[in-house]
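>>> this is a predicted model, with the sequence first.
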Amino acid sequence: MMTSLLRRAASSFRSNSEKRHFFAHATHRMEETGLYGCNHLKTPKGFQRFVDEAIERSNELVGYISRMPSSAEIINAMDEISNTVCQVVDSAELCRHTHPDRDFVDEAMKASMRINEYLHYLNTNLTLYNAVLKADQDQTLTSNEAKRVAHDLRIDFEKGGIHLSAEKKDRVSQLNIEIARCCAQYNENIAKDPGHVDIYPASRIPKNLHHLVKPVNRSTSPGQKVNIREKGFRIVTEPSTVSAVLQWAHDDEVRKMTYIKSNSVPRANLGVLDNLIAARHEISQIMGYKSYAEYALNSNMASSPDVVSSFLVELSKTVQPKAFEEFESICKFKREKNGQQDIGLEPWDEAYFTRAMKSSAYNLDFSVVASYFSLTHCIKGLKILVESLFGMKFLNCPLAPGESWHPDVMKMALHHPDEGDLGYIYLDLNCRQGKYPGCAHFAIRGGRRVSKTEYQLPVIALVCNFSKPHNSSIVRLNHSDVDTLFHEFGHALHSLLSRTDYQHFSGTRVAFDMAETPSNLFEYYAWDYRVLKKFAKHYSTGDSIPEKLVESMVGAKKMFSGMELQQQIYYALVDQTLYGDLALRTIDTTSIVADLRKQHTNWEHVKGTHWQTRFSHLLYYGAGYYSYLYAKCFASTIWERVCKEDPLSLETGAAIRTKLLQHGGAKDPAQLLNHLAGDGITRSYQNHGHGGGIVPDITSLCNELNLRR
């Protein structure tokens, strides 16, 4: 798949086709339309025509580019190809993850396969590459953003191997097919083999978990005339259920069985992961890099594995004393609770005892916390946030017949009193069977300048999976869900508020290790009492959330912040190592995971487990997981320097919007960060003769977490 031209596909090119059918404004007329306002998608088969027209229009543009117009026209046409194709990719991606109609899902998957085959043609098209090469070398391009697009496209064409010999290009193509196959197989194996444990008797499972487990029974008197059936529960070890069981199951054997099973399936993914690592390593070597990590990081702020490793090791050493203190406090708590001084702490104890310690230290009742965060009030909170920060409103939009994919879906326009509508967002927030299980921001169409007077407005979807209590019709969120909602909302604002000339840089299409910064920044708003008191109201009484309760929530959050940071560092180091120089030889991923766990955490590896077979970030963020920690550091500094004093002021919002969000990926990310938060938020890496990479300053994060340096 075309890396920069179309890798950022999960969004949208400058085209006359916009006027023909793409995202017609049917909502104003309330005439029947198709999915997401696209007239082609009135039926599942409409995806076929959607793909046909995208390919037809793109081929016209390829022909136009082949006549070598001016460099500015080349870049405009390339961006229009990207816009046209990405709208298909993004619509199909959203549809296959959220649509309840299997026919729509199947057609979306077919469309995705067809358009990805076409992307391969674009990625390997020498005519396009030569045109981009011309534009990149052309000194007459006057727009800095156009120059950046040209250079970015050239680099990514070459990272795709377009300059290689025919034999090597064929091999790269085969390897990319193998990588796609491995990713699909990895996910399919997880879906087919989530694992389960059966617990007897049923009394070992607390009542508050009964809605997550399935009743089972077994014979207690096989071979006898009177067959007595013992009742039990089956725990399917999928992530949300495992998380709840590990937090709430009093029986340590139940937690142990659940932990081990959830970290040892699907075993088939051990081989799949080996094949994926090998294929990516071979590609990197063909491209002239020592490792896949070096290949993947080349165009990021970090620029090389040496830079990332230096950052992670420094952070690991800094957090180690605090994490050890926290670990020892859990050990002590467990011994006191069990009345035994010689028992140790096991990995399946962590979630259970940390939750209990937080509740004990701060008298927290999580059901009481949730009573202040009904989904309705949380949506109001998002509206209050944009009005306070940006002077804008989220206005509810009526959905045209055929536009929505489920009755729960809402649509809102982000509206500025002087600038008008700035973009549109669909909210699909409730869980349902068959839906994408996590929370995510999906682009449907990216923003771009169509002419001097017209701007293509971004269209996005915010997808979550919040569930109603089994005894209530009101959706109430755990505060961790509120935190997640605000995180994804940060991504949404990045997409909605960017005003780039080219969709290539619209919204979240930024350097990989910059992308999570706005989302991490907006998590802070979910913890600040000055923000929460404006929307967190008790679902039945309407009372505002008490300040003391928020103080307790924040205190509980910080109780084990060292161990939580250490865990993220460990994940990032595993990711870097699996895609690093070790891939030069046959590797045992489980041994690497076990060794790094011993080096960088306080936990021992549990024999027989291999959590890497369910850690899908290894697929989609190969050698890039460190970017979450980059974002955590950047966001901490921005909050401290820009937002903390007055988080809801228009002045704060103006700084966030004009110095960061509106630029998308059109400007150098380090310059944007320094412009927003002042010099020192980033540091140039210099060590042992290596240089050129950017790492975050960790001072603000260390201060926030009370880490001694």
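Nice, I can see it.
>>> pLDDT weak spots in the chain?
For the chain, the stretches flagged by pLDDT under 70 are 1-29, 221-226, 470-471, 583-585, 686-691.
>>> that one: strands as residue ranges?
196-199, 214-219, 229-236, 393-396, 410-416, 420-430, 440-445, 448-449, 455-456, 459-466, 682-684, 694-696 (DSSP state E).
>>> what's the longest one in contact with?
Put plainly, it is strand 420-430. Residues from elsewhere that reach strand 420-430 (C-beta atoms under 8 Å, 6 or more residues apart in numbering): 36, 98, 375, 379, 392, 394, 397, 404-406, 408-416, 435, 444, 447, 457-468, 475, 485, 492, 495-497. For the C-beta atoms, the positions are set from N, CA and C on the backbone; glycine is no exception.
>>> just the angle for that strand relative to strand 410-416, thanks.
Counting by axes from the mean of the first three to the mean of the last three C-alpha atoms, to 10 degrees, strand 420-430 points 150 degrees away from the direction of strand 410-416.
>>> list the buried residues of strand 420-430.
Across strand 420-430, burial judged by 16 or more other C-beta atoms under 10 Å covers 422, 423, 424, 425, 426, 427, 428, 429, 430.
>>> repeat for the third one
Applying a neighbour-count criterion of 16+ other C-beta under 10 Å, one finds 232, 233, 235 buried in strand 229-236.
>>> and what of the second one?
Of all the residues in strand 214-219, those buried under the rule 16+ other C-beta under 10 Å are residue 216.
>>> for PyMOL, what selects the buried ones among the contacts of strand 420-430?
To isolate the buried ones among the contacts of strand 420-430 in PyMOL, judged by 16+ other C-beta under 10 Å, type:
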select buried, resi 36+98+375+379+392+394+397+404+405+409+410+411+412+413+414+415+435+444+447+457+458+459+460+461+462+463+464+465+466+475+485+492+495+496+497
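>>> ok so, going back, residue 78: which of the buried residues of strand 229-236 is nearest?
For the buried residues of strand 229-236, the closest approach to residue 78 (C-beta to C-beta) belongs to residue 235, at 51.1 Å.
>>> bridge partners for that closest one, pull those for me.
Bridge pairing for residue 235 (DSSP bridges) gives the partners residue 197.
>>> contacting residues around it?
Contacts of residue 235 were listed using C-beta under 8 Å, 6+ apart, and they are 196, 197, 198, 199, 205, 212, 213, 241, 242, 245, 254, 258.
>>> just residue 563 next, same as before
Contacts of residue 563 by C-beta under 8 Å, 6+ apart are 323, 326, 327, 350, 601, 602.
>>> could you do residue 538 as well?
Listed by C-beta under 8 Å, 6+ apart, the contact set of residue 538 reads 371, 372, 544, 545.
>>> now swap in residue 568 and tell me
628, 629, 632.
>>> let's go with 7 Å and repeat that
Residues in contact with residue 568 (C-beta atoms under 7 Å, 6 or more residues apart in numbering) are 628, 629.
>>> make 34 the starting number, not 1.
Okay, residue one is now 34; in that scheme the one you just asked about reads as residue 601.
>>> the residue nearest to residue 540 when sequence neighbours are not counted and residue 694, how far apart?
Sequence neighbours aside, residue 528 is the residue nearest to residue 540 in space, at 3.3 Å (criterion: C-beta to C-beta, 6 or more residues apart in numbering). Shown here: residue 528 relative to residue 694, a distance of 9 Å by C-beta to C-beta, to the nearest Å.
>>> again with residue 214
Applying C-beta to C-beta to residue 214 and residue 694 gives a distance of 37 Å.
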